[in-house]
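J.: Provided below for reference: sequence and predicted model.
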Amino acid sequence: MGLGYRGRILRVDLGERTARVEERDDCFYRTYLGGKGLVGYYLLNEVPPRADAFGPENALVFATGVMAGTAAPGFSRVVVGAKSPLTDGYGESEVGGSWGIELKRAGYDALVVQGCSEEPVYLAIADDEAQVRSAGELWGCSTSETEVRLAGEFARRPAVMSIGPAGERLVRFACIMQGDRNAAGRGGLGAVMGAKKLKAIAVSGSRKVETANASALNEIASWFATNFKDNVPSAGLRDSGTAGIIGSLQAAAILPTRNFRFGQFDGWSTIAQLGRGWGPHEMKARGCRGCPIRCKRTFKIGDGSIPTDVEGFAAGPEYETIAAFGSNLCIDDLTTIVRANVYCNQAGMDTISAGMTLAFILECRERGLVDDDDLRRLDARFGNPACVLPLLEMICERRGIGELLAEGSMRASREIGRGSERFAMHVKGQELPMHDPRGKTGVGIGYATADHGADHMTAGHDPAFTEAGAYGMLTCKPLGILEPVPAMALDHRKVRLYLRLQMWWDFLKCLGACFFCVVPRGLMPVPMVVDGVRAATGWDFSLWEGMNAADRAACMARAFNVREGHGPERDRLPARLAEGSGQDGTGRPGIDPGEMDAAVRTYYEMRHWDPETGCPTDARLKCLGIEWVGARLRG
Amino acid sequence: MKVRVRLLNGLHVYERLKRRVVEVEADGSTVREILASAGLPRGQACIAVVGDTAVGMDYRPRPGEEVCVYPPNDGG
């Protein structure tokens, strides 16, 4: 056993109903770190080329970082990965909560699940004991009910990752929930779990994580707790949650509205209220274990109409959800947005993809591309809150029009045809999050090149780097970010800025870090993160090593996609983003596809990937010490 | 008559401010100038809104008007 890490990977085969422990040495952890690094390593090694995402050969990986379970705040996130049924490529999502801490305390750094069970099962992990147990009575339960029922099975309350009915029915954007408000939302990983007939993974760990310098980690925690209140991004999150950005997005005309047709929404100030309260309902700010920021919102609901936690609070929507069901659908009815969020959490569906898929079908109907009894009966149109929940229920149950929509917008558009592909806003099959690249081109580069499809959390966003005094510029000099770049630039300066930020983000993903705790989106400075790794592991660790681990993780994920036959043709933004988002000339101009293609090519070159194919070169793989990836690419 | 500049989404934490509203006489100054004189470092606020309309940091608030300012938007 090492320091900071356990040196143990739990391997479970559901087909065989067996569990075993794989031991790994210090060199392995120093090379791949954890989180995204371990996900890429195991997916590339364990999942055969062209595997069926719903088949037994797909692997589902849950990985923590070397600071999970230590005193350092904000490093308890888990990176979940599998071949995605939504993108047919590398799938990845991160989730907060306490599950990662429990797994680490149970004695494991990661969990790799392979095979498929014939009957519903759940995985019970209590320290050294890992069992595959029958979940017949849990099948069909909501995520919250599953958690409550499993709590009674353990001597000590476990942390639970579970899927809802949407995952069981293989909705391609089903998510995995940890508790009632933490979601590994993206990529349809809940459907992979459903295909394996794995309802839940309950973990309870009782052993302290040993570190090299516990007092240094305590000092970091103490410094963070003292200073976060005076940090602008942290104070904003504490004040208004993630919804605090709605005003600035509206002002910048990049608040996704009406399926990204527009960038401003008349009801923006109404939906922005959800960051600070919801009518008469008592609000309580919540956070992940050990984090003082408490960016999440919960609301007390007394009438029993919405599932709540034991204190009577229901999970409130975060920004992505507020915009996905709000401005994006032209809805400012807060009750509908809150209920849609709770429904998706309980059913286990990604709110971003769900909202975007609804927006797609509403636009198709508006344009006369689809004529469907369900849509007509529900008066499904932008601005009608009454249609939202029934449509979500139909998706979860794969009933009526829901059968088509459960496939996600890309596949639905292929089925509908008639030019509807123009209104399916996705990259690689994954629906766009609620950030419009027409006001921040680096986000566009991120959407285009992200290994797991459109994702807003692959790097810091452009506006924090447009002026010398901006917080991003002030805090990211150790990353080599020394000169501001205009938000709308799309030349090599923007690619360089984005790439440096992306590598920092990937390093943080290898550590299981929360981006809201670390610069440029939070308080903890770059050197302190490196110091934290040193204190946890005892390594004479450097930022250079961290960035190399990030590079390895990115190369492995890219190699996974290349092996699936995916090339630069999938690194493109939806055609709509080439159009302006204007209403009366107030919107944003479109992004020139030729300029974006050139930026993506520059990105490949800066990464030392083949500019024609986007494939990591042999030389790069050798330089990073992962030449084995080349062998996987050659089959 | 005064103008009010409301600091949103964490901007109130700057050491020399520690307040959520900056109130000054309407003397034709821009929002940027008002914030600079109040001690907000340049580059921290980049979006200004009056009512439901974005006005920019070079906007000159009129007497009695309230302007909301935000930091650069980032991922949620």
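T.: Ah, there it is.

J.: are we agreed that B:Ala48 is in a strand?
T.: Yes: counting by DSSP: H, G, I helix; E, B strand; the rest coil, B:Ala48 falls inside a strand.

J.: that one contacts B:Val55, doesn't it?
T.: Yes: B:Ala48 is within contact range of B:Val55, at 5.1 Å (criterion: Cβ atoms under 8 Å). Placement of C-beta: from N, CA and C, glycine included.

J.: give me the mean pLDDT for stretch A:281-289.
T.: Averaging pLDDT along stretch A:281-289 gives 91.

J.: that stretch near chain B anywhere?
T.: No: using Cβ under 8 Å from any Cβ of the partner chain, stretch A:281-289 never reaches chain B; the gap is at least 14.1 Å.

J.: model confidence over the stretch of helix or strand A:Leu44 belongs to, on average?
T.: Element membership of A:Leu44, judged by DSSP states H and E, is helix A:35-46. Summarised as a single mean, pLDDT over helix A:35-46 is 98.

J.: on contacts alone, who are the packing partners of the next helix-or-strand element following that helix?
T.: Next helix or strand after helix A:35-46 toward the C-terminus (DSSP H and E): strand A:60-63. Applying 3 or more Cβ pairs under 8 Å, 6 or more residues apart in numbering or on different chains; DSSP states H and E, we find strand A:60-63 packed against helix A:35-46, strand A:78-83, strand A:110-114, helix A:189-195.

J.: let's have these in CSV, adding mean neighbour count and distance to A:Arg157.
T.: Output for these, formatted as CSV (neighbours: other Cβ atoms under 10 Å in any protein chain shown; distance: least, Cβ to Cβ, whole Å):
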stretch, mean neighbour count, distance to A:Arg157
helix A:35-46, 26, 25
strand A:78-83, 30, 18
strand A:110-114, 25, 19
helix A:189-195, 29, 22
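
J.: mind putting those in CSV, distance to chain B included?
T.: Below are these laid out as CSV (distance: least, Cβ to the nearest Cβ, whole Å):
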stretch, distance to chain B
helix A:35-46, 17
strand A:78-83, 17
strand A:110-114, 26
helix A:189-195, 20
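
J.: so which of those comes closest to A:Lys440?
T.: helix A:35-46 (23.1 Å; Cβ to Cβ).

J.: packing partners for the closest one?
T.: helix A:26-32, strand A:60-63, strand A:78-83, strand A:90-95, strand A:110-114, helix A:492-511, helix A:543-563, helix A:628-633.

J.: outside of it itself, list whatever touches it.
T.: With Cβ atoms under 8 Å, 6 or more residues apart in numbering or on different chains as the contact definition, helix A:35-46 has outside contacts at A:9, A:31-32, A:59, A:61, A:63-65, A:77-83, A:90, A:92, A:94, A:109-110, A:112, A:114, A:506, A:509-512, A:549-550, A:552-553, A:555-557, A:559-560, A:563, A:629, A:632.

J.: please apply the same query to stretch A:484-497.
T.: For stretch A:484-497, using Cβ under 8 Å, 6+ apart, the contacting residues are A:439-442, A:444-445, A:462-463, A:465-468, A:470, A:473, A:481, A:483, A:591-592, A:595-596, A:599, A:602-603, A:606.

J.: pull out the buried positions in it.
T.: By neighbour count on 16 or more other Cβ atoms under 10 Å in any protein chain shown, the buried set for stretch A:484-497 is A:484-485, A:487-490, A:494-497.

J.: reformat these as a markdown table; add pLDDT and distance to A:Thr351.
T.: Shown next, in a markdown table, are the buried residues of stretch A:484-497 (pLDDT from 0 to 100; distance: Cβ to Cβ, whole Å):
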| residue | pLDDT | distance to A:Thr351 |
| --- | --- | --- |
| A:Pro484 | 96 | 33 |
| A:Val485 | 96 | 31 |
| A:Ala487 | 92 | 27 |
| A:Met488 | 93 | 29 |
| A:Ala489 | 96 | 32 |
| A:Leu490 | 97 | 30 |
| A:Lys494 | 98 | 29 |
| A:Val495 | 98 | 31 |
| A:Arg496 | 98 | 33 |
| A:Leu497 | 98 | 29 |
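
J.: of the residues you listed, closest to A:Tyr319?
T.: A:Ala487 (18.9 Å).
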